[in-house]
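Q: Sharing a model that was predicted from the sequence below.
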Amino acid sequence: MSEQTPNFKVTIDNISIEVPAGTTILNAARMIGGDVTPPAMCYYSKLKNSGGKCRTCLVEVSKGSEKDPRPMPKLVASCRTTVMDGMEVKNITSEKVVDARKGVVEFLLLNHPLDCPVCDQAGECDLQNLSYEHGSEATRYEFKRRTFEKEDIGPYISLHMNRCIMCFRCVFTADQLTERREHGILDRGDHAQISTLLGKALDNEFIGNVIDVCPVGALTDKTFRFKNRVWFTKPMDAHCNCTKCSGKVRLWMRGEEVFRVTARKDQWGEVEEWICNDCRFHKKSVSDWVIEGPSNIPRSSVISQGHYAGNIGTAETPVLIDKVIGKKPKLTLDIHSISDVNRPEIELSKIEGPAHSDDFKKNK
Amino acid sequence: MAIKLLLENDHIEGIRYYDTYRKHGGYRAAEKALKMSPADIVEEVKKSGLRGRGGAGFPTGMKWSFLAKPEGVPRHLVCNADESEPGTFKDRYLMEFHPHLFVEGLLISSYALGSNATYIYIRGEYAWIPDILEQAIAEAKNNGWLGKNIKGSGFDCEIYVQRGGGAYICGEETALIESLEGKRGNPRMKPPFPAIQGLWMRPTVVNNVETLSAVVPIINMGGDEYAKIGAGKSTGTKLLSVCGNVNKPGVYEIDMTCSVEEFIYSDEYCGGIPNGRKLKACIPGGSSVPIVPANLLLKTAKGETRYMNYESLSDGGFATGTMMGSGGFIVLDDAQCVVRHTMTLARFYAHESCGQCSPCREGTGWMYKILKNIEYGKGKMSDIDLLWDIQRKIEGNTICPLGDAAAWPVAAAIRHFRDEFEWHVKNPEESQTRNYGLAHYADPIHVPTTA
């Protein structure tokens, strides 16, 4: 950031931060981090013009700026609204936002097939995280879900249109990363769909990146398809000397086998550096790579269930949560309320032999 | 007899041709305007209090003064002739029968805003009108009103007609600009507003056909004189396109001082309800504005007479009022079914949603499916509350106003006609054979009196 740009003070959920002018509310919130960051399904900081479409990042602006303190009449998309000096924003402290976001999650899941058990994205799916964090437990939709004809878009990428949430990220990727326009949106309304122009296969050097930007399982890697679940694989950072791209990748390994190669993602789930198709689809042997070590995966992710060293989430987050609303982790179900099998006070190691249900009976 | 400004020469045969139009005082305003400075014209329009006739009713003079004027960057005036709102057809009439009035208005506005290339974006379904407009533009050009150095003023202006592809969403100004640029007609995120970065990222003003035509009488009579017509902040005259159950559907020009009752029942305008039926409900401003029952249409919740102007129609907010909108006056008699009517509108919005943002894309289709169930006797009581909740979650949470436009008719129908929805749910078989009828919708409303 250059020195000349003035710093604006913005307050998000009672936490103040100074950010350069021109920063969006979402990016300011990301600088604070933790729970005050609105979720984003379509915004991608590396893609120009992205954002504003999914409406999950809606926030309430309770004070426009120091000069004009009027609140904004509607909820605004934080990814496309820039901060003003003295702006006050309410995210999780606003009931309106929580309610609207719940609505948006319901809308996004309305026509989603919910086929997570057979979806390759499960475990690293933004929509799963979003609906778990912000959605309600059931849908009120009682109609047949919308389906599309399956379309083949080439040997490496599988398009599963039924799962698409129309974030437009892949369209922007194809537009901005590749030289000519190859795919876009056909039709409109709830029948709009992503498709290649005239059924042309996408055969660009970098087109594999659309898999990484896709927040759901609509675009998946055909070379990894149904091979394994992501949480059974161990992510390792690795690099190679590639003439086309940076060569910095993440390998998804099981034992000595490389199951999948993706770009490295930062804490917001965004790709750090684009990688080429060669690295992604063809270098599937350990000998192709120099392995740097295990990747840093957030503790909340199911992928970190392997629990390897140095992999615990940062300690700053809980402090911030206390400051905001003192939120407790969301439990969908308290197991103790319906089962007496799991009694935490009984130490399993002290039971002789395999545990039996009798060991957990209350009167014992 | 009410004052007529736009349709003043409506009775003259051949007014759509240049010679006749010129003989009856045409292009007099343009002559006058070209001698004024552009800033004076904007000032004159500001004084007139003219409000946008496309639906939102935003003051035109103010919109014009927001236009950014950076050095060396061309500015554009774009005329929104993508009149796709169900029930609205006033611009069609104006363009078809008074093309020269429209072209003159465009010329004056282009001069005021400094637009050398002005575009008319016309709805694709109006297949025959581009020819009429292009003929009028050619005639104007032959007589020196368009082209280079118009009448020695040093101002150049060309008007281009562009046909749309028939999408309702392209009536939204940023979607219209995208479409005009040759892209898919998706609304843009605001800010930046078109006044700063519009067509080809240049400062752009987008105005309705009727708004730009109204500039002609404003220049002719002066802004102050124009502001004397009408009532309060609703100045000038407004075209209304009337359809539905009335004796005389058509396009009428009103001066915003007549009451709604007079407008529906007088012989000068709609001429009453045909076949001895009774008025049940009305949508006074095109399909997007809230529907109101007869009792709230003729009188406000305070018991005062409701007039045909922006303020009076919106008196009481959305709870008991409605909006002037674009002037598509749809009248429903007691043989009409509000549930079916709402379903038809929901189908329209589900079909026309662009699919860009999630609440509108998914919500409009969902509302249509639920309304279809209720209409065909498969509804549940909980569906009515569900509809209410869906529309609440769409409204205000979308990129462009199409989400609001889809939510308001459903909200208003449930707010005022909930009994009719409930009757459909409770009597699924009967509702397939007869309509609910007038019920209590025309009964006088109880006005609480203060001591």
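A: Thanks, I have the structure now. Residues are numbered from 1 along each chain as shown, chains lettered A, B, ... in the order given.
Q: Pull up the residues of the stretch 101-250 of chain A that are close to chain B.
A: Contact residues (C-beta under 8 Å from any C-beta of the partner chain) of the stretch 101-250 of chain A with chain B: A:103-104, A:106-108, A:110-111, A:140-141, A:143, A:165-166, A:168, A:184-185, A:187-192. Any C-beta I mention is one placed from the backbone N, CA and C, and that applies to glycine too.
Q: If you tally nearby residues, what's the number for residue A:214?
A: Residue A:214 has 25 neighbours, counted by other C-beta atoms under 10 Å in any protein chain shown.
Q: What separation do you get for it and chain B?
A: Note on residue A:214: its distance to chain B, by C-beta to the nearest C-beta, to the nearest Å, is 16 Å.
Q: Hmm, residue A:172 and that residue touching each other?
A: No - with contact defined as C-beta atoms under 8 Å, residue A:214 does not reach residue A:172; the gap is 11.7 Å.
Q: rewinding a little: of the residues of the stretch 101-250 of chain A next to chain B, keep whichever come out buried.
A: The neighbour count (16 or more other C-beta atoms under 10 Å in any protein chain shown) marks A:103-104, A:106-108, A:110-111, A:141, A:165-166, A:168, A:184-185, A:188-192 as buried among those.
Q: Among these, name the ones in helices.
A: Judged by DSSP state H, the subset of these located in helices is A:103-104, A:106-108, A:110.
Q: which residue is nearest the middle of chain B?
A: residue B:326 (1.8 Å; C-alpha atoms, centre = their mean).
Q: ok, and the closest non-adjacent residue to residue 304?
A: All of this is about chain A. Nearest residue to residue A:304, sequence neighbours excluded (C-beta to C-beta, 6 or more residues apart in numbering or on different chains): residue A:297, at 4.4 Å.
Q: Please refer instead to chain B.
A: residue B:315 (7.7 Å).
Q: low-scoring stretches of chain B, by residue?
A: Along chain B, segments meeting pLDDT under 70 span B:1, B:450-451.
Q: Show me what from it comes close to chain A.
A: Within chain B, the positions near chain A by C-beta under 8 Å from any C-beta are B:167, B:169, B:184, B:189, B:350-359, B:361-366, B:369, B:386, B:389, B:392-394, B:396-399.
Q: cutoff 7 Å now
A: Proximity of chain B to chain A, by C-beta under 7 Å from any C-beta of the partner chain, involves residues B:184, B:189, B:350-351, B:353-359, B:361-363, B:365-366, B:369, B:386, B:393, B:396-397, B:399.
Q: Go through the residues you listed and flag which are in helices.
A: Going by DSSP H, the helices hold B:350-351, B:358-359, B:361-363, B:365-366, B:369, B:386, B:393 from these.
Q: got CSV for those residues, with neighbour count too?
A: CSV is the format used below for these (neighbours: other C-beta atoms under 10 Å in any protein chain shown):
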residue, neighbour count
B:350, 23
B:351, 16
B:358, 29
B:359, 28
B:361, 28
B:362, 29
B:363, 31
B:365, 23
B:366, 24
B:369, 18
B:386, 17
B:393, 22
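Q: Of the residues you listed, just say which sits nearest to residue B:111.
A: residue B:351 (39.5 Å; C-beta to C-beta).
Q: nearest residue to the closest one other than its sequence neighbours?
A: Closest residue to residue B:351 in three dimensions, ignoring its sequence neighbours and counting by C-beta to C-beta, 6+ apart: residue A:189, at 6.4 Å.
Q: Tell me who's in contact with the residue of the stretch 201-350 of chain B found nearest chain A.
A: The nearest approach of the stretch 201-350 of chain B to chain A comes at residue B:350, 6.3 Å away (C-beta to the nearest C-beta). Counting by C-beta atoms under 7 Å, 6 or more residues apart in numbering or on different chains, residue B:350 makes contact with A:189, B:364-365, B:368.
Q: just residue B:195 next, same as before
A: Remark: with contacts taken as C-beta under 7 Å, 6+ apart, residue B:195 is in contact with B:66-68, B:203, B:205.
Q: So which of those residues is surrounded by the most neighbours?
A: Neighbour max across those (other C-beta under 10 Å) = residue B:205, 26 neighbours.
Q: so where's the stretch 251-364 of chain A shaky on pLDDT?
A: Across the stretch 251-364 of chain A (using pLDDT under 70), the flagged ranges come out as A:299-300, A:305-344, A:362-364.
Q: Which residue ranges of it form helices?
A: A:277, A:316-324, A:335-338 (DSSP state H, counting those that start in this stretch).
Q: Quick one: neighbours of residue 226, just the number.
A: Looking at chain A here, since you left the chain open. 9.
Q: could you do chain B instead?
A: 25.
Q: so it is in which element?
A: For residue B:226, the host element (DSSP states H and E) is helix B:223-228.
Q: Residues contacting that helix, please?
A: Applying C-beta under 7 Å, 6+ apart, the set of residues contacting helix B:223-228 is B:44-45, B:47-49, B:217-218, B:235-236.
Q: now with 6 Å?
A: Helix B:223-228 has contacts (C-beta atoms under 6 Å, 6 or more residues apart in numbering or on different chains) with B:44, B:47-49, B:218, B:235-236.
Q: next one: stretch B:263-275
A: By C-beta under 6 Å, 6+ apart, the residues outside stretch B:263-275 that reach it are B:242, B:245-248, B:252, B:279, B:308, B:333.
Q: 7 Å instead?
A: Against stretch B:263-275 from outside (C-beta under 7 Å, 6+ apart): B:242, B:245-248, B:252, B:254, B:279, B:308, B:331, B:333.
Q: Equivalent analysis for stretch B:85-93, please.
A: Here stretch B:85-93 has contacts from B:81, B:83, B:126, B:129, B:208-210, B:239-241, B:243, B:251, B:283, B:286-288, B:326-328, B:330, B:348, using C-beta under 7 Å, 6+ apart.
Q: Which ones among those lie within helices?
A: Taking DSSP H as the definition of helices, these contribute B:129, B:209-210, B:348.
Q: What count of nearby residues applies to the residue in the stretch 251-364 of chain A positioned nearest to chain B?
A: Using C-beta to the nearest C-beta, residue A:269 is the residue of the stretch 251-364 of chain A that sits closest to chain B, at 18.5 Å. By other C-beta under 10 Å, the residues close to residue A:269 number 16.
Q: Let's check: the centremost residue of chain A is which one?
A: Taking C-alpha atoms, centre = their mean, chain A has its central residue at residue A:126, 3.3 Å away.
Q: OK, contacts around that residue?
A: Applying C-beta under 7 Å, 6+ apart to residue A:126 gives the contacts A:41, A:215-216, A:269.
Q: which one among those gets closest to residue B:31?
A: Nearest to residue B:31 among the contacts of residue A:126 is residue A:41, at 56.8 Å by C-beta to C-beta.
Q: Spatially, which two of the contacts of residue A:126 are the most separated?
A: A:216 and A:269 (11.9 Å).
Q: Pick out the residue of the stretch 151-300 of chain A closest to chain B.
A: Relative to chain B, the nearest point of the stretch 151-300 of chain A is residue A:192 (3.3 Å; C-beta to the nearest C-beta).
Q: Quick one: residues contacting the residue lying closest to that residue once chain neighbours are set aside.
A: Excluding the flanking residues, the one nearest residue A:192 by C-beta to C-beta, 6+ apart is residue B:355, at 3.3 Å. If a contact means C-beta under 7 Å, 6+ apart, then residue B:355 has A:166, A:188-190, A:192, B:361 as its contacts.
Q: In stretch A:161-176, which of the residues would be classed as buried?
A: So for stretch A:161-176, counting by 16+ other C-beta under 10 Å, buried means A:161-175.
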